[in-house]
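Student: pasted the sequence and its predicted model underneath.
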Amino acid sequence: MSWSTSVLSSVSSDTEPTVVISFDSGKYVFNVGENTGRAWLSSKMYWRKTKGVFLTSVGTQRGSGLPGLLMFIADGGISNINLVGPRGLTHFLASMRSYLFRDTMLVKVTEVDTMSVPEPIFRDENLTVYGVPLSANTSCSAELEGLGSGGLETGKRKRALSPESPSKRTHIEADDAHSGNDLSVRERALQPGFSPTSLHGDEAQEWRRIAVDSMFPYSSRSVQAVASTQSKRQIKQDKDKNGASEKQMVVAPFDDASMSNDQPQTTFSYTPGLSHGSQHLPRFERGEFAETLCYVCVGPRVRGKFDARKAQALKIPKGPLLGKLANGNTITFMVDDGKGGQEQRTVQPEECVAPSEPPKVVIILDVPSQAHIASLSSAFDLSPLYRQLRSKSNDEYAVSTIYHLCGEGVIEDVRYKTFMNGFPASVHHVVASREHSADPVTFKTSLVNQLTLHQLDEGMFPIPQFHLKPRKTLADVPDLSSNTIVMTSNLYISVRPPQPPVSEEESTYGRNLYSACTSSTPIPLTLATADAFETAKEKLRTLQSSERVSRPGDDVVVTPLGTSSAAPSKARNVSSTLIQIPRWGNVLLDCGEGTWGQLVRLFGDDPRCSNGVWQALRELKCVYLSHIHGDHHIGLAKLLAMRRKLNPPPTEPLYVVGVYAILLYLRELADVEDLDLDREDGRGIVTILSDALNWRNPRPYGSDKMSEPWMDFKLAQSDATKMCQSLNLKNFITVDVRHRTRCYGVVLKHHDGWSIVYSADTMPCDNLVKVGMNATLLIHEATMADDQADLARQKAHSTCGQAIKIGHRMNAENIMLTHFSTRYPKLPPVALSDASPDTASTQPNLVLAFDHARIPLGEMYKFKTYLPAIEQCFSDIPDEDDIIQ
């Protein structure tokens, strides 16, 4: 049996480490940080046959890509997935119930508490996985006493845990659905005045499990429907003339036809008569639980080879007895005794079968700080099983590879190096350390586009920030094993048969891209594109020769960070737009997964830089979240987690404006990870209910929701006033638009006279026109091409032409189109020549949004000149799969 490990992504500005263990019959994914789905889409690896997802910690660093990945693999046809992680995992997943729903997949959740010991926490035909909890608590030895004895199967523990115990396994099996505890929770939910927050202990955990089961109500009928949809997509791809690749068009579960926008958006009624899903989950108290969970993954024991010659010499008859012996059983048969008679012969398996091969072992260690090293060392010293893995005379197991996810200072700590060197010299050590890793651009297609357009306008299309050399090198760390290497994306190690690590070398094309970034030699353009660029520049010089009167607001910079609809693509991230108001601060319009990485690529992460990402984050005053669909807000938690790292801490609050479902999700998520909500000093996160800022009247919710203290409309309006003062805004008005869930556009009016209107996701909407009249800039979604008007209406989206007409009716000075379907991997098919020469000067300036395009309001007019050249450029750019070999 052959199996291997590979690195899907490593530490970078875009991603966190994700390791995949692969067998012919299954894949096992370890950690799903932000952009895991997009990294998978951009790699040569496939998600099919994924059986398990394992998190080393619960929170944004290791798990913020989880909702996207679950949608990704569910829509890829996987009907059963195991989700394993530390305590708090069920709460973490249940908090996503308002936007994560798939009835084609069953998710089985297993939590591992600090008291778990060396017994399998997961097992199937390929892997047996053990969990090693780590804590930063220096007095960890008492918690680890239970590890003092026990081996592979017979470990003793400090306290007994049944397989269904909340500390060990949190999924309700079908046979357990009518347990007494389960009925008790459901019965209590039917009582007047019930609130889930009144539940504690096992009952609280049971409620969370019910929530998770309601998110994934697996049914065979749904699976058949998905299979039919995938078959139709394959036929569509065969006929498609746009030339999108297989991953972009067919099997990518982020295709518009299968995204959450087409699924029921909430599943608050778990069972008939139980309808409290929109209320706050039972409070989760972090307490003294393990901060990280490491994994010891033991592969199958492979029987030795059968020696046919020895079998023949022993006169074993052909037939079933040979198979029985080969399977490890003792056999007895009759043979000629050489004297004309018969005698009985017994043959043991070891007489004809070589010794079995020791199981191969892969270990994933997550050590976030030097304070965790003592806990790790104690775990491996006290457990006979783990101690055996480090023995250099170990014949029972063969450790192949150890992945080290190291926080700052860990890999250089003498104690950690001593721990590493305790393993046999043959072990491969793969280290993921931000201090010791380069930061290449993960998404090459996006880089190609930016480098090409950079030759059209260097200021508008800046080169993404990256570095190809680490700040420190592992070679400078003394006393490391000679088999220690840095983790890089696409690193591959064959575990059986054992082979040394193989790194995917940067292609010649990729090296040329980085060379173009750092030298005066740009990437080559086709003659047609070069001519189109020069023509556009000449027209712009002519246009700029006429005197333009500068106006207040001209220096306000609009930067799309994500311009894809529903799901990321190789070239575009999901929804987010940054507004920088000089001297006042920044506003973020939506915050899809990967927004933090996009900000780092835009500004760079050098903390010493006065205009780097940390300063941009410090100046961020408002994050506006339009609605509950995941592609518009999943990146927020990561952003808030990074804000907590600001040093010195922020001196002003960050206002987060959103609908009830988003603010509830954020507060439940804050139960498992501190996100600085409602700090007493007023410098943390202040939430504002967007319904309270409605242009007509505040839109109420049901009484069960309005009871929350943060649902107070007057408080929200008061906080909104403070937010406007901090940004020098005259108004911040939400506008109910036409989508498939409660969704708001927003109108920002500044005291300097300029205004920006953001449509969010919507069909053409009269409300937006009324409130946004005479806008300086309209940012409008343009999901579909004009020939897809019926499909746009079904999905409650707009076509490009409809968005432009809204801008005309609004008398907007500039129109920026964004939120493009992944059907259009390069450019959306926008009609660029609708305006006649006589009326061109009176038409709004039309802008197509590109990730990382930095466009001041005073320079929006340039895009009208650039559009024909950009269209020519993208018609000449080959697909990434055709050029990166």
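Tutor: Here it is on my side, so go on. Numbering: from 1, shown residues only.

Student: which residues in the stretch 501-650 of the chain form strands?
Tutor: Remark: strands assigned in the stretch 501-650 of the chain by DSSP state E, counting those that start in this stretch are 557-562, 576-581, 585-591, 620-624.

Student: dump the helix or strand Gly37 falls within to PDB, restricted to CA.
Tutor: Using DSSP states H and E, Gly37 falls within helix 36-42. Presented in PDB, the C-alpha positions along helix 36-42 are these (Å, rounded to 0.1, in the frame of the first residue of the first chain):
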ATOM      1  CA  THR A  36      -7.400  26.900   1.700                       C
ATOM      2  CA  GLY A  37     -10.100  26.500  -0.900                       C
ATOM      3  CA  ARG A  38      -8.500  29.000  -3.300                       C
ATOM      4  CA  ALA A  39      -5.100  27.400  -2.800                       C
ATOM      5  CA  TRP A  40      -6.600  24.000  -3.600                       C
ATOM      6  CA  LEU A  41      -8.300  25.500  -6.700                       C
ATOM      7  CA  SER A  42      -4.900  26.900  -7.800                       C
END
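
Student: after that helix comes which helix or strand?
Tutor: Going down the chain from helix 36-42, the next helix or strand is strand 50-54, by DSSP H and E.

Student: just how off-centre is that next one within its chain?
Tutor: Using Cα atoms, centre = their mean, to the nearest Å, the distance from the centre of strand 50-54 to the centre of the chain it belongs to is 15 Å.

Student: and it, what does it pack onto?
Tutor: When contacts are defined as 3 or more Cβ pairs under 8 Å, 6 or more residues apart in numbering; DSSP states H and E, strand 50-54 packs onto strand 26-30, helix 66-74, strand 80-86. Using the backbone N, CA and C atoms, a C-beta is placed for each residue, glycine as well.

Student: for the longest one, what is the average pLDDT?
Tutor: Spelled out, that is helix 66-74. Averaging pLDDT along helix 66-74 gives 93.

Student: how far does it sit from its chain's centre?
Tutor: For helix 66-74, the separation from the chain centroid amounts to 9 Å (computed by Cα atoms, centre = their mean).

Student: list the contacts of it.
Tutor: Helix 66-74 has contacts (Cβ atoms under 8 Å, 6 or more residues apart in numbering) with 29, 32, 36-37, 40, 47, 50, 53, 55, 81, 92-93, 96, 99-100, 102, 104-105, 107, 252-254, 259-260, 567, 593, 630, 634.

Student: next, the angle strand 50-54 makes with it.
Tutor: 170 degrees (axes from the mean of the first three to the mean of the last three Cα atoms, to 10 degrees).

Student: tell me the angle helix 66-74 makes with strand 80-86.
Tutor: If you take the same axes, to 10 degrees, helix 66-74 sits at 160 degrees to strand 80-86.

Student: helix 66-74 to strand 26-30, inter-axis angle?
Tutor: 170 degrees.

Student: just the CA trace of helix 66-74, in PDB.
Tutor: Provided in PDB are the C-alpha atoms of helix 66-74 (Å, rounded to 0.1, in the frame of the first residue of the first chain):
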ATOM      1  CA  LEU A  66     -13.300  25.700   7.300                       C
ATOM      2  CA  PRO A  67     -16.800  26.900   6.000                       C
ATOM      3  CA  GLY A  68     -15.400  27.400   2.500                       C
ATOM      4  CA  LEU A  69     -13.700  24.000   2.500                       C
ATOM      5  CA  LEU A  70     -16.900  22.200   3.700                       C
ATOM      6  CA  MET A  71     -18.900  23.800   0.900                       C
ATOM      7  CA  PHE A  72     -16.100  23.100  -1.500                       C
ATOM      8  CA  ILE A  73     -16.000  19.300  -0.800                       C
ATOM      9  CA  ALA A  74     -19.700  18.900  -0.300                       C
END
